[in-house]
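K.L.:
Kindly generate the corresponding structure for this input.
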Amino acid sequence: MRGCLVKDVFDIFSGTQKNAVWVETVEGLSAARERLQQIAGEKPGQYFIFSALTRVSVCEIETFAIPHPSRGKRSKAEGAGA
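P.N.:
Model prediction:
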């Protein structure tokens, strides 16, 4: 297989390295980082990128859901003894 180019393949996992759940595989570190940002933006939590070649975690991220401002607050009508 001389002359074949092998791209680095990276696996994206959710959770921590102790309780990892595989999400998907992406070619190229730049593409993996972009995809990681997309996934974490859609579903907040802990994620990391793992290099299949070096068997090392190369990037970690943790995102949090932003509470909706109207949730848990009483309206003015409710607070006025209505």
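
K.L.:
can I assume Ile49 is in contact with Val9?
P.N.:
No: counting by Cβ atoms under 8 Å, no contact exists between Ile49 and Val9, whose distance comes to 10.7 Å. C-beta here means a position set from N, CA and C on the backbone, and glycine is covered the same way.

K.L.:
Which of these two has more residues huddled nearby?
P.N.:
The neighbour count for Ile49 versus Val9, taken as other Cβ atoms under 10 Å, is higher for Ile49 (21 against 15).

K.L.:
Confirm that one sits in a helix?
P.N.:
No: according to DSSP: H, G, I helix; E, B strand; the rest coil, the state of Ile49 is strand, so it is not within a helix.

K.L.:
Just the element for the closest residue to it other than its chain neighbours, please.
P.N.:
With Cβ to Cβ, 6 or more residues apart in numbering as the criterion, Ile49 has its nearest non-adjacent residue at 4.3 Å, and that residue is Cys59. For Cys59, the element it lies in under DSSP states H and E is strand 56-62.

K.L.:
For the nearest residue to Asp11 once chain neighbours are set aside, the count of nearby residues, please.
P.N.:
Counting by Cβ to Cβ, 6+ apart, the nearest residue to Asp11 once its immediate chain neighbours are dropped is Phe50, at 4.7 Å. Counted with other Cβ under 10 Å, residues neighbouring Phe50 total 20.

K.L.:
and Phe13, what helix or strand is that in?
P.N.:
Phe13 belongs to strand 9-14 when elements are defined using DSSP H and E.

K.L.:
thinking in terms of the whole chain, how far from its middle is that strand?
P.N.:
Here the centre of strand 9-14 is set off from its chain's centre by 10 Å, with Cα atoms, centre = their mean, to the nearest Å.

K.L.:
and it, what other elements does it pack with?
P.N.:
Strand 9-14 is packed against strand 21-27, helix 29-42, strand 46-51, with contacts defined by 3 or more Cβ pairs under 8 Å, 6 or more residues apart in numbering; DSSP states H and E.
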